[in-house]
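Chemist: Give the three-dimensional model of this entry:
(4 chains)
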There are 2 protein chains.
Amino acid sequence: MDKLVTIGKASRLTGVSAKMIRYYEEVDVLKKASRTDAGYRLYNQGHIQQLGFIRRSRNLGFSMTEIQSLLKFWLDTDRESRNVKQLALRHLQEINEKIVALEKMREILQQLADKCDGDDNPDCPILEGLAQRSPQ
Amino acid sequence: MDKLVTIGKASRLTGVSAKMIRYYEEVDVLKKASRTDAGYRLYNQGHIQQLGFIRRSRNLGFSMTEIQSLLKFWLDTDRESRNVKQLALRHLQEINEKIVALEKMREILQQLADKCDGDDNPDCPILEGLAQRSPQ
DNA sequence: AATAAAGCTTACCACAATAGTAAGGTCAAC
DNA sequence: GTTGACCTTACTATTGTGGTAAGCTTTATT
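Modeler: Below is the predicted model of the structure:
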């Protein structure tokens, strides 16, 4: 009683482009689809759920490799939540590091921009900053 | 009286890898170097300064295309600082958008992680969240 | 039934910025 | 006169996504 859908419908159901669905299969984060006689891919409910899982994981910034691990945990009822949490915390730390880096950029750039009149005059502390000082 | 250096020295002087120096030349953000008879690239003080400019711009997250514009402004003494500031503010906005996106990820992921015991038990709200809800 | 439109297939290319490798030429020192 | 450091070009790969082209299948319209 498993309703099977072709890739276009699976895409509409999950919000994942057909292109990406094929790619996920290719890099082994999505279980291979069965095929019709003509070679069309067919997806069942399990695939659809898995695609949702992948999409939400991507939206949280997890890499393909991390998603592979997450999916393995998800499918393994014997997992220890310790391992999942560890993966999540590691990713959280990466996110934090990216935020810190971006905030540093923002601060320096904002300081330069504040000093620049932004008119028809050629004087420009932004260019001077990029040319001379060392905004890290 | 312009001291010329080969690419290795230019790299050490600027902190830009030789690989990247060649790449910058190829994509036209760095003026072409002159060559020795044997074909070795030779860099002068202007090149070195320009490489510093590029490195600092990269560190602030500007793309190659943006850096091309910045360099054009820098070399044009008739520039209007308005244009430079506009470019900088646009980039600042992109940085802010990235920060906002990352903070959203962080919040959702942190919430999931907080609910997860992270022990040898298989129960895992992180996986449940990825599987079921919509942590956009 | 014939044809058109929509949907699917694989196999390419492109992106942005960086790093790595291989095969080979050059230069300086010992 | 050989070794080792340095340089050259030309590839390949990365990450995740989008695009295109050429061709087959299925569905809808006439």
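
Chemist: all helices of chain A, in order?
Modeler: A:7-14, A:18-26, A:45-59, A:64-75, A:81-115, A:125-131 (DSSP state H).

Chemist: does the second one come close to chain B?
Modeler: No - against chain B, helix A:18-26 shows no contacts by Cβ under 8 Å from any Cβ of the partner chain, the least distance being 14.8 Å. For the C-beta atoms, the positions are set from N, CA and C on the backbone; glycine is no exception.

Chemist: and if you look at the last one?
Modeler: Yes - on the criterion Cβ under 8 Å from any Cβ, helix A:125-131 is in touch with chain B at A:Ile126, A:Leu127, A:Gly129, A:Leu130, A:Ala131.

Chemist: Could you dump the helices of chain A into a markdown table and include distance to A:Gly39, mean neighbour count and mean pLDDT?
Modeler: Shown next, in a markdown table, are the helices of chain A (distance: least, Cβ to Cβ, whole Å; neighbours: other Cβ atoms under 10 Å in any protein chain shown; pLDDT from 0 to 100):
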| stretch | distance to A:Gly39 | mean neighbour count | mean pLDDT |
| --- | --- | --- | --- |
| helix A:7-14 | 11 | 16 | 96 |
| helix A:18-26 | 12 | 15 | 96 |
| helix A:45-59 | 17 | 19 | 96 |
| helix A:64-75 | 25 | 17 | 96 |
| helix A:81-115 | 36 | 17 | 96 |
| helix A:125-131 | 55 | 21 | 95 |
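
Chemist: Now tabulate those in JSON lines and tack on distance to B:Gly52.
Modeler: Formatted as JSON lines, these follow (distance: least, Cβ to Cβ, whole Å):
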{"stretch": "helix A:7-14", "distance to B:Gly52": "47"}
{"stretch": "helix A:18-26", "distance to B:Gly52": "40"}
{"stretch": "helix A:45-59", "distance to B:Gly52": "37"}
{"stretch": "helix A:64-75", "distance to B:Gly52": "36"}
{"stretch": "helix A:81-115", "distance to B:Gly52": "15"}
{"stretch": "helix A:125-131", "distance to B:Gly52": "8"}
